[in-house]
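Undergrad: Following is a predicted model, sequence given first.
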Amino acid sequence: MFRVNRQTDYAIRMLLSLAKREIGVRASTTEIQQEMVIPHSFAQRVVANLARGSFIQTYPGRDGGMILARPAREINLRQLLEHFETHLFVSDCSHNESTCPLGMDCPICTQWEKLQKIMSEELEQINFEYLANSSKQIQKIPLLSLSSGKALELQ
């Protein structure tokens, strides 16, 4: 079944962190990295890739940081996955019928296509405003800090 890679997972976490903040409030990579438990080795690459995809705007310097490039309600999981993942296909035949030895009338390919359509539509409906609002309902979750090994609390 379809599985997102680590970089995509970290990108989702970064955008979620930014979506939870007030509009225009900048966050540093370090802040988000600590809040969302993202290894330092991935953070800069993910930030660069998010900026390349026009998901975030970055500001250099001491008072720099990053913000969402557009409102959280306008950024959805499908957009992010299409940017970060090589492909979003449930099966090769769901996007290329010539790979199926049974051809265009294959009942399995037809079901894969239906599943692909449902998945794409659902991912498009899940925007970061919704995710941010949902995450605000989660009260303090103890996490282990990557650097110190001590318990942290997310709010």
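TA: Received, thanks. Residues are numbered from 1 along each chain as shown.

Undergrad: Spell out the residue ranges of the helices in the protein.
TA: 6-20, 29-35, 40-52, 77-84, 107-125, 128-136 (DSSP state H).

Undergrad: Of the ones you listed, which is nearest residue 65?
TA: Closest to residue 65 of the helices of the chain is helix 29-35 (CB to CB; 7.8 Å). Quick note: C-beta positions are derived from backbone N, CA and C, even for glycine.

Undergrad: mind showing which ranges of this structure have poor pLDDT?
TA: Applying pLDDT under 70 to the chain flags the ranges 1-2, 88-99, 137-155.

Undergrad: Tell me how it divides into domains.
TA: If you go by automatic domain parsing, the domain ranges for the chain are 1-73+128-155, 76-126.

Undergrad: Out of the helices of the chain, the one nearest residue 62 is which?
TA: helix 29-35 (12.7 Å).

Undergrad: What helices and strands are in contact with that closest one?
TA: If you count contacts as 3 or more CB pairs under 8 Å, 6 or more residues apart in numbering; DSSP states H and E, helix 29-35 packs onto helix 6-20, helix 40-52, strand 65-68.

Undergrad: related to what we said a few turns ago, looking at the helices of the chain, which one is packed in the most?
TA: helix 6-20 (a mean of 20; mean count of other CB atoms under 10 Å).

Undergrad: Pairing partners for residue 68 in the sheet, please.
TA: residue 56 (DSSP bridges).

Undergrad: from memory it sits against residue 56, does it?
TA: Yes: between residue 68 and residue 56 there is a contact at 6.1 Å, judged by CB atoms under 8 Å.

Undergrad: Find residues that contact each of the two.
TA: 15, 18 (CB atoms under 8 Å, 6 or more residues apart in numbering).
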